[in-house]
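Participant: I would like the atomic coordinates for the input below:
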Amino acid sequence: MRLTKEYAMAYKEVIEILKYVPDEDVKKIPEEKLKFYKNNMDYEYNYTLDMTKKFEEQKMSDITKAILANIFKDYWATPYQKERIEAKEKYDLEKLEEEKRKKYNPDNIFERQKEEKVFESTNLPNQIKKEPFCNKLISFIKRII
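Facilitator: Okay, the predicted model is just below:
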């Protein structure tokens, strides 16, 4: 996996946020995962929490939110919370797949193509007048002369 600047900044945000989490909860996270975040974070990026704001009001990237959500689900959630999170994820995935099926259903694609090809031919002549080739040639020569 190629590490992007956004991920490096998110890892820095995660490490800074974990400083305010009780030690017994941080110890539930595998040491390898914490080392990965520390080794790959952007050390030049300055991120601090505003202690006057609630956690939900803190400014953080979507990547940071996703990492924290995974940490919560994998290490801090109760069995009931894990069950509810997994049920929600399954529901969201099924809903997304259903939308894809509706949008890309092969039967519907052909119906849409038929609808798109329908057009009116009001500007076309009713009958095409065919002129013999020799008459066309004579007309062309007359226009040149």
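
Participant: CA atoms for contacts and neighbours, from now on please.
Facilitator: OK.

Participant: Report how many residues lie close to Met41.
Facilitator: 22 (other CA atoms under 10 Å).

Participant: Next one: the closest residue to it other than its chain neighbours from Lys102, what distance?
Facilitator: Distances taken as CA to CA, 6 or more residues apart in numbering put Ala8 closest to Met41, at 4.3 Å, once the chain neighbours are dropped. The spacing between Ala8 and Lys102, counted by CA to CA, to the nearest Å, is 38 Å.

Participant: coming back round to it: could you say which helix or strand contains the residue nearest to Met41?
Facilitator: helix 5-18 (DSSP states H and E).

Participant: Tell me the secondary structure of the residue sitting nearest the centre point of the chain, please.
Facilitator: In the chain, the residue lying closest to the centroid (CA atoms, centre = their mean) is Leu96, at 11.5 Å. Under DSSP: H, G, I helix; E, B strand; the rest coil, Leu96 falls in the helix class.

Participant: mind listing what the residue nearest to Met41 touches?
Facilitator: With contact taken as CA atoms under 8 Å, 6 or more residues apart in numbering, Ala8 is in contact with Asn40, Met41, Asp42.

Participant: Let me know the closest of those residues to Asp25.
Facilitator: Met41 (20.8 Å; CA to CA).

Participant: What residues of stretch 35-48 count as buried?
Facilitator: By 16 or more other CA atoms under 10 Å, the buried positions in stretch 35-48 come out as Tyr37, Lys38, Asn40, Met41, Asp42, Tyr47.

Participant: Domain-wise, how is this structure divided?
Facilitator: Taking automatic domain parsing as the reference, the chain has its domains at 1-76, 79-120.

Participant: can you map out the strands along the protein?
Facilitator: Secondary structure of the chain (DSSP state E): no strands located.

Participant: in it, which helix or strand is least confident?
Facilitator: Lowest on mean pLDDT, DSSP states H and E among the helices and strands of the chain sits helix 106-117, with a mean of 61.

Participant: Cheers, nothing more for now.
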